[in-house]
Every structure is written in C-alpha cells, then in structure tokens.
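J.: Turn this into a structure:
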Amino acid sequence: MTSSPLLSRPGAVEGGGADAGVAAHYGDPFREQRSLADGRAVVDLSQRGVVTVSGPDRLSWLNTLSSQLLLGLQPGRSSETLLLTVQGRIEYSAHVVDDGATTWLITEGGEAAPLAAWLERMKFMLRVEVGDATDDWAVLGASRALPELGDGVVVWEDPWPAIGIGGYAYSAIADTEHPGRERPWFEYLVPRERLEEVVAATGLDLAGSLAAEALRIAAWRPRPGFETDEKTIPHELDLMRT
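T.: Predicted coordinates:
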C-alpha cells in the first residue's frame with residue numbers, strides 16, 4: 001500500500017507493522033489520545049483494507065459463508081463478521097456495513113486482497129460482484145459521529161461491546177460495567193484521493209494510530225493480528241458478544 005498523504009503533516013512519525021503507511025503520531029501522542037477520546041480529533045486509518053460486494057444476492061451469499069446473521073441487514077446498519085476455518089478458527093475478520101447496493105467490508109490492510117480472492121472463488125452462479133477497493137477508498141476513524149461530512153457518507157459504527165441477537169458474553173464482568181461502553185467508535189469510508197480534503201472539512205485535529213490503539217485496548221476490543229493468531233477461536237476474545 002502507498003503511504004498516506006497525511007504523513008506530510010508537520011511532526012508526523014510513521015507507524016510500523018500493520019500500521020505502516022500512516023502516522024503513529026504527530027508529535028504528541030498523549031495529547032492526541034485525549035483529543036481523539038473527547039471527539040476533538042480524527043485518525044487516519046487508510047492502512048486498512050476495503051472489500052466491496054455488490055449484487056442482489058450479496059447478503060444472502062455472505063450469510064452462508066460467515067459467522068454473522070446478515071440476512072435483512074438494513075442500509076446503514078453496522079455489523080461485523082468472521083470467516084472461520086472448518087475447525088472454527090478465525091481466518092478473516094471484517095467490519096460490515098451495507099448502503100443498500102453494496103456491502104462494504106473493512107479489514108486489516110493485509111487481509112483485503114486475500115479475502116477478495118477467496119470470496120471470488122466462492123461465487124459460483126450467484127449474482128454477486130467482489131472487488132478490492134483499497135486503492136480507491138480510505139478509512140477515517142473518530143470517537144463520535146461526524147455530521148460535518150454531510151449525508152451519503154458510508155460509516156461503520158462499532159457495535160462493541162453490546163451483546164447482539166444470538167450473542168453471548170464470555171467475559172466475567174457485568175455487561176453494564178464493560179470498559180468498551182466508554183468508547184464509541186466510527187469508521188468513515190472516504191475516497192482516497194480526497195482524504196486530505198475530508199479531514200480538513202471536519203475542522204478537527206489529527207491523531208495518530210497510537211491514540212486509536214490506546215482507546216481500543218482500554219475498551220478490550222480485539223484486533224486481528226494483534227490479539228489473534230492462526231489458532232484463535234472467537235470465544236477466546238469474547239467476540240461472540242457482537
């Protein structure tokens with residue numbers, strides 16, 4: 001993946017590993033973390049991957065392949081899903097939102113191409129089209145809704161840690177006391193070529209990926225490749241709740 005244009009901002013220090021290509025921070029990670037938590041900053045997550053699935057059979061088809069009940073997913077309603085091996089181990093993890101014509105899957109950057117290729121092999125005779133849209137779409141994270149971006153922007157709202165229909169909590173803490181309830185989280189899909197313009201339109205500061213990671217960890221929110229490996233099953237990470 002190419003580096004984000006926001007890395008040219010003063011003080012930007014590039015992240016490493018899965019977060020290479022975006023800024024880990026812009027010179028003051030602790031201040032950035034506070035700003036992000038308070039809704040006064042956005043974070044560049046353009047290192048993430050974006051896979052699209054379109055066509056009239058998209059939701060029923062994805063429903064047969066993945067862990068989540070996606071039948072009847074309403075436009076704008078956020079969910080997440082796992083693709084598991086036959087042993088029940090996590091192979092792919094995706095944030096899911098449908099806009100009425102396309103289902104958007106937000107993944108780790110390194111998962112987008114193999115996930116799109118795997119889905120392409122599973123199409124058979126169904127009316128679906130799969131694409132790796134990572135080169136065209138970037139992800140922008142925030143701890144609050146951003147009406148500054150106007151209507152029509154595709155946004156994924158993290159359901160964590162609410163227990164969904166059919167879900168089950170494996171953590172011992174009471175659901176009302178779960179630290180994830182202190183972290184609302186939104187991921188906006190914006191045209192990659194307009195990333196700088198969209199950030200400017202929010203009128204908010206920029207936080208680095210370290211700030212987003214701090215909030216995620218405090219919320220006990222698992223991340224593929226960080227708290228997972230090739231042997232991980234969903235129950236170990238309390239992912240059955242969402």
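J.: which residue ranges form the helices in the chain?
T.: Taking DSSP state H as the criterion, the chain contains helices spanning 29-37, 58-65, 112-121, 195-202, 209-218.
J.: So for residue 79, which of those helices sits nearest?
T.: helix 58-65 (10.3 Å; Cβ to Cβ). C-beta here means a position set from N, CA and C on the backbone, and glycine is covered the same way.
J.: Read off the pLDDT value for residue 112.
T.: Here, the pLDDT recorded for residue 112 equals 97.
J.: ok so, going back, let me have the helices of the chain in TSV, extended by mean neighbour count and distance to residue 165.
T.: Formatted as TSV, these follow (neighbours: other Cβ atoms under 10 Å; distance: least, Cβ to Cβ, whole Å):
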stretch	mean neighbour count	distance to residue 165
helix 29-37	19	29
helix 58-65	18	14
helix 112-121	17	25
helix 195-202	16	33
helix 209-218	21	24
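J.: Adding distance to residue 145 as columns, could you present the ones you listed in JSON lines?
T.: Formatted as JSON lines, the helices of the chain follow (distance: least, Cβ to Cβ, whole Å):
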{"stretch": "helix 29-37", "distance to residue 145": "14"}
{"stretch": "helix 58-65", "distance to residue 145": "24"}
{"stretch": "helix 112-121", "distance to residue 145": "25"}
{"stretch": "helix 195-202", "distance to residue 145": "11"}
{"stretch": "helix 209-218", "distance to residue 145": "16"}
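J.: and of these, who's closest to residue 131?
T.: Per Cβ to Cβ, nearest to residue 131 of the helices of the chain: helix 112-121, 6.7 Å.
J.: where does the protein dip in pLDDT?
T.: 1 (pLDDT under 70).
J.: In terms of secondary structure, what does the biggest strand by length in it contact?
T.: As assigned by DSSP state E, the longest strand anywhere in the chain is strand 90-98. Strand 90-98 sits against helix 58-65, strand 78-84, strand 102-107, helix 112-121, strand 155-157, with contacts defined as 3 or more Cβ pairs under 8 Å, 6 or more residues apart in numbering; DSSP states H and E.
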